[in-house]
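Asker: Need a 3D model of the following:
(one chain, ligands or ions: 1)
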Amino acid sequence: MLKKSKTVSKRISKVNELLIQKYGIPFRPQNPPDPVDMLIATILSQNTNDKNSYKAFTNLKKTYQNWYDVSTLPLAKIEKEIKIAGLGKQKSKAIKNVLRSLLKNNGRISLDHLLNKKDGEILKELTGYEGVGVKTASCVLLFSLRKNICPVDTHVHRTTNRIGIVSTKTPDKTFLILNENLPEGIAHSFHTNLIRLGREICKPANPNCFICPLVRICNYPQKNFEAKNSYKENTFLLLDNV
Ligand code: SF4
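Answerer: Sure, this is the predicted structure:
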């Protein structure tokens, strides 16, 4: 069991505040997406960019009437529809398995029963499906169920370690520490703006520290102040556009 840390909570709040000053409060659609849509979209987003996974998601949504129809397709057909998102074999298997399991367990393809459950129970249920990890499950919690949960992808893991909010080796450990100490009501802005920071400024190689809004509070010992990297805005976030 992890202990809460006031220092970690304060650092998260400070980072959130500085990122909002730089990027503003991120866009959030008025109506949250359906949790099954979100689950499938997040499975498709693994190891690819948002544009390709969005295309794969819309291919499925446009071609088939509903998720039941997708659940009856042969794996090869699903694989063909989602080809653009990569890892077709793995992703088609995970999608079909989730849809068939929901149908078997609940008699219909829906995750509405999660609405009354606690965060831990939801995570446990969703990660029980083959091909659904903590990141995928936590995206359903944040984006569809509007819970104060910060999913941890490669950008959130890298940036929070560089800044010094956490010191961890794996995204799942980062997830535990961040969410144990996450102040109320900030998960969406903190998560979304950190991803933007990671894509545009705090890149894996040679971060653009000279334009970073966190430079004064960041502990990373190998900051880069050479202005030789390109800067390109990247504001499209798949999971707010499902
Ligand atoms: S100062 Fe540099 S290393 Fe630190 S968060 Fe900003 S870009 Fe990343």
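
Asker: And the next helix or strand past the worst-scoring helix or strand of the chain on mean pLDDT?
Answerer: The weakest-scoring helix or strand in the chain, judged by mean pLDDT, DSSP states H and E, is helix 50-63 (a mean of 91). Using DSSP states H and E, the helix or strand that follows helix 50-63 in sequence is helix 67-71.

Asker: Residues of this protein that sit close to the ligand?
Answerer: 159, 162-163, 201-202, 207-209, 212, 214-215, 218, 220, 223 (Cβ under 6 Å from any ligand atom). Just so you know, the C-beta spots here come from the backbone N, C-alpha and C atoms, and that holds for glycine as well.

Asker: which secondary structure element contains Thr174?
Answerer: Going by DSSP H and E, Thr174 is part of helix 171-180.

Asker: Check which helix or strand Leu18 maps to.
Answerer: Going by DSSP H and E, Leu18 is in helix 6-23.

Asker: got the contact list for whichever helix or strand comes after that helix?
Answerer: Going down the chain from helix 6-23, the next helix or strand is helix 35-45, by DSSP H and E. Applying Cβ atoms under 8 Å, 6 or more residues apart in numbering, the contact partners of helix 35-45 are 33, 53-54, 56-57, 60-61, 67, 82, 85, 91, 94-95, 98, 102, 109-112, 114, 126, 131-132, 135-136, 139-140, 143-145, 238-239, 242.

Asker: now do stretch 82-102
Answerer: 36, 39-40, 43-48, 52-53, 55-56, 59-60, 67-68, 70-71, 73, 75-76, 78-80, 108-111, 129-132.

Asker: which helices and strands does the least confident helix or strand of the chain pack with?
Answerer: When contacts are defined as 3 or more Cβ pairs under 8 Å, 6 or more residues apart in numbering; DSSP states H and E, helix 50-63 sits against helix 35-45, helix 75-81.

Asker: let's see it at 6 Å
Answerer: helix 35-45 (3 or more Cβ pairs under 6 Å, 6 or more residues apart in numbering; DSSP states H and E).

Asker: tell me the mean pLDDT for the helix it packs on?
Answerer: For helix 35-45, the mean pLDDT works out to 95.

Asker: how about it as PDB, C-alpha atoms only?
Answerer: As requested, the backbone C-alpha atoms of helix 35-45 are provided in PDB (Å, rounded to 0.1, in the frame of the first residue of the first chain):
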ATOM      1  CA  PRO A  35     -17.300   3.600 -22.400                       C
ATOM      2  CA  VAL A  36     -17.400   0.700 -24.900                       C
ATOM      3  CA  ASP A  37     -16.400   3.200 -27.700                       C
ATOM      4  CA  MET A  38     -13.600   4.500 -25.500                       C
ATOM      5  CA  LEU A  39     -12.400   1.000 -24.700                       C
ATOM      6  CA  ILE A  40     -12.200   0.000 -28.300                       C
ATOM      7  CA  ALA A  41     -10.600   3.400 -29.300                       C
ATOM      8  CA  THR A  42      -8.000   3.000 -26.600                       C
ATOM      9  CA  ILE A  43      -7.100  -0.600 -27.600                       C
ATOM     10  CA  LEU A  44      -6.700   0.800 -31.200                       C
ATOM     11  CA  SER A  45      -4.400   3.600 -30.000                       C
END
